[in-house]
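>>> Mind folding the following:
(2 chains)
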Amino acid sequence: MAKSERWQQAWGRLAAVLDPEVPALSLVELGIVRELREESDGGFTVVLTPTYSGCPATELIEDEVRAALTDFAPLRIEQRRSPAWTTDWISAEAREKLRQYGIAPPSGMAAVSQPLRMHQAIPCPRCGSPKSERLSAFGSTACKALYRCTACREPFEYFKPI
Amino acid sequence: MKLSNTPAQRYLLRIADAALILSQRNAEWCGHGPILEEDLALSNLALDHLGQARALLTHVGKTDGLDEDQLAMLRLEQQFLNPVLFELPHGLHGQRDFAFTVLRNLAAATWFTLLWQRLLDSSDAEVAAIAEKSLKESRYHLQHATDWTLRLGDGTAESKARMQAALERLWPYVGELFEADAVDAAAEETKLGPSWASLQMEWRAQMNAVLGAATLTVPKDCANAHRGRVGIHSEHLGHLLAEMQYLQRAYPGGTW
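Model prediction:
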């Protein structure tokens, strides 16, 4: 179904909201925005999905979506948990943006079983060297791990596939 | 606090409370990790479990008009239904024993991973959705606990001895995870979720494999004497709740 002009405008506003913890990408590019619906009363419903169960940014993200659209139309926000958010929803283009921002993008598709691929070398987002070592399985946020490039010696964050 | 306490609510509270209480315990390492990386890891683990508990508590309380905060902060000790394993302190005499933390997290992550997998088929769509999200997180927890168990178990004489001692301390509490009772039977009947007893064989197989690879000796089983799942707890839960609930009890309804 073709989307109305108002829907396109609302989507444009929504697509400009950056993720508070990974400001290189928008909520749309990260796959956090699952749906935008124009309702019969002229309002909009935004469907969001949490990245991690305990992600402390979940409430902040709702606030930012509300701020982006609140003067545009009456707004409802829904949280939808299934299908569960996965880094597989981050497009190739968005992964490249992450890399340029200095965060190594998720390598390949999310694992569906053990063992998780946590020990492979992740290419350095700065110098491009394929050689790196993991410093910490958990990073500054739930979605990242900490690595160090063994060529340029710079530490970098790695967006974990999940 | 007017919770109907239906068998379905009790089944889900056991899981929610296991996640909540383990979260609170792991969060005790925040600022005290043996190394910075572990401080980060245990805080992240605690956050994931807190999120899982919040989702389940919100769901459990809905039909009775109770929210997650009321369930987490205003229930009394006897109303918490987590197995005793999850409330035990990290060490004896107020010490934090990292070996115990690692092994409990291994036991918990193995159990949570199996449980979430089975809950994907829950007849309750919200429970299935929570499981779908949580399973991904628990897989990372399992990886982390497995790494440390191997490293410390198959490590120095000192690390191995401490891991073995911690394993002996933990083992009497694992039996409670697999006790069969009417709440579990009802959950199985309504397809809400598996009886925990049905997870036991797979849990033991996975634990034996990791503990064996870590050159640790699996202790002998003893009869289970613990009944946290019906609200009878060790002396440790009251102290944990005193800290966790203090603010909400002193300043009811207070928010950040």
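
>>> rest of the way, CA atoms for contacts and neighbours
Fine.

>>> Tell me which residues are up against stretch B:87-106.
Contact with stretch B:87-106 is made by B:21-22, B:25-26, B:34, B:85-86, B:141-142, B:145-146, B:148-149, B:152, B:162-163, B:166-167, B:170, B:234, B:236-237, B:240, as judged by C-alpha atoms under 8 Å, 6 or more residues apart in numbering or on different chains.

>>> repeat that with 6 Å
For stretch B:87-106, contacts defined as C-alpha atoms under 6 Å, 6 or more residues apart in numbering or on different chains pick out B:Ala145, B:Met163, B:Ala166, B:Leu237.

>>> from the chain's centre, how far out does that stretch sit?
Put simply, stretch B:87-106 sits 13 Å off its chain's centre (C-alpha atoms, centre = their mean, to the nearest Å).

>>> got the buried residues for that stretch?
Using 16 or more other C-alpha atoms under 10 Å in any protein chain shown as the test for burial, stretch B:87-106 gives B:87-90, B:96-106.

>>> Which members of these occur in helices, if any?
Counting by DSSP state H, the part of those found in helices is B:Phe98, B:Ala99, B:Phe100, B:Thr101, B:Val102, B:Leu103, B:Arg104, B:Asn105, B:Leu106.

>>> Dump those residues into JSON lines; add pLDDT as well.
Shown next, in JSON lines, are these (pLDDT from 0 to 100):
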{"residue": "B:Phe98", "pLDDT": "97"}
{"residue": "B:Ala99", "pLDDT": "98"}
{"residue": "B:Phe100", "pLDDT": "98"}
{"residue": "B:Thr101", "pLDDT": "98"}
{"residue": "B:Val102", "pLDDT": "98"}
{"residue": "B:Leu103", "pLDDT": "98"}
{"residue": "B:Arg104", "pLDDT": "98"}
{"residue": "B:Asn105", "pLDDT": "98"}
{"residue": "B:Leu106", "pLDDT": "98"}
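
>>> Let me know the pLDDT of the residue located most distally from the centre of chain A.
Here chain A has its C-alpha centre computed as a mean, and the residue farthest from that point, by C-alpha atoms, centre = their mean, is A:Asp41 with 30.5 Å. Listed pLDDT for A:Asp41 reads 91.

>>> Could you identify the helix or strand that succeeds the least confident helix or strand in chain A by mean pLDDT?
Within chain A, no helix or strand scores below strand A:132-136, which has a mean of 91 by mean pLDDT, DSSP states H and E. Downstream of strand A:132-136, the first helix or strand assigned by DSSP states H and E is strand A:144-149.

>>> That following strand and chain B, are they touching?
No. Using C-alpha under 6 Å from any C-alpha of the partner chain, strand A:144-149 stays clear of chain B, with a minimum separation of 9.0 Å.

>>> Can you spell out which helices and strands pack onto the following helix or strand past that strand?
Heading C-terminal from strand A:144-149, the first helix or strand you meet, by DSSP H and E, is strand A:155-159. Here strand A:155-159 touches strand A:103-104, strand A:144-149, going by 3 or more C-alpha pairs under 6 Å, 6 or more residues apart in numbering or on different chains; DSSP states H and E.

>>> deepest of those strands, which one?
Ranked by mean neighbour count under mean count of other C-alpha atoms under 10 Å in any protein chain shown, these are led by strand A:103-104, which reaches a mean of 25.

>>> in the least confident helix or strand of chain A, what's buried?
Residues of strand A:132-136 classed as buried: A:Ser132, A:Glu133, A:Arg134, A:Ser136 (neighbour count, 16+ other C-alpha under 10 Å).

>>> That strand pairs with which strands, parallel or anti?
strand A:144-149 (antiparallel) (DSSP bridges).

>>> Just list the residues touching A:Asp88, thanks.
Applying C-alpha under 6 Å, 6+ apart, the residues near A:Asp88 are A:Met109.

>>> same question but for B:Leu115, I mixed them up
So B:Leu115 contacts nothing (C-alpha under 6 Å, 6+ apart).

>>> and if we set it to 8 Å?
Per C-alpha under 8 Å, 6+ apart, neighbours of B:Leu115: B:Pro194, B:Trp196, B:Leu199.

>>> Would you confirm that the second one contacts B:Phe178?
Yes. Under the criterion of C-alpha atoms under 8 Å, B:Trp196 makes contact with B:Phe178 at 5.1 Å.

>>> rewinding a little: using a markdown table, lay out the helices and strands packed on strand A:155-159 together with mean pLDDT.
Formatted as a markdown table, the helices and strands packed on strand A:155-159 follow (pLDDT from 0 to 100):
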| stretch | mean pLDDT |
| --- | --- |
| strand A:103-104 | 94 |
| strand A:144-149 | 93 |
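
>>> could I get the ones you listed as CSV with distance to A:Pro23?
Compiled in CSV, the helices and strands packed on strand A:155-159 are given as follows (distance: least, C-alpha to C-alpha, whole Å):
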stretch, distance to A:Pro23
strand A:103-104, 11
strand A:144-149, 14
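
>>> quick one: contacts of stretch B:200-218?
Stretch B:200-218 is contacted from outside by B:107, B:110-111, B:114, B:146, B:149-154, B:160, B:163-164, B:167, B:178, using C-alpha under 8 Å, 6+ apart.

>>> picking up where we left off before, got a winner among the contacts of B:Leu115 for most neighbours?
In terms of neighbours by other C-alpha atoms under 10 Å in any protein chain shown, the contacts of B:Leu115 top out with B:Pro194 at 24 neighbours.

>>> what does chain B have sitting close to chain A?
Within chain B, the positions lying close to chain A (C-alpha under 8 Å from any C-alpha of the partner chain) are B:37-38, B:40-41, B:44, B:47-52, B:55, B:129-130, B:132-134, B:136-137, B:139-140, B:143-144.

>>> Point out the ones among those residues that are inside helices.
Mapping the residues of chain B next to chain A onto helices (DSSP H) picks out B:37-38, B:40-41, B:44, B:47-52, B:55, B:129-130, B:132-134, B:136-137, B:139-140, B:143-144.

>>> Whichever residue of chain A sits closest to chain B - how many residues pack around it?
With C-alpha to the nearest C-alpha, the shortest gap between chain A and chain B falls at A:Gly54, namely 3.8 Å. Per other C-alpha under 10 Å, the neighbour tally for A:Gly54 reads 23.
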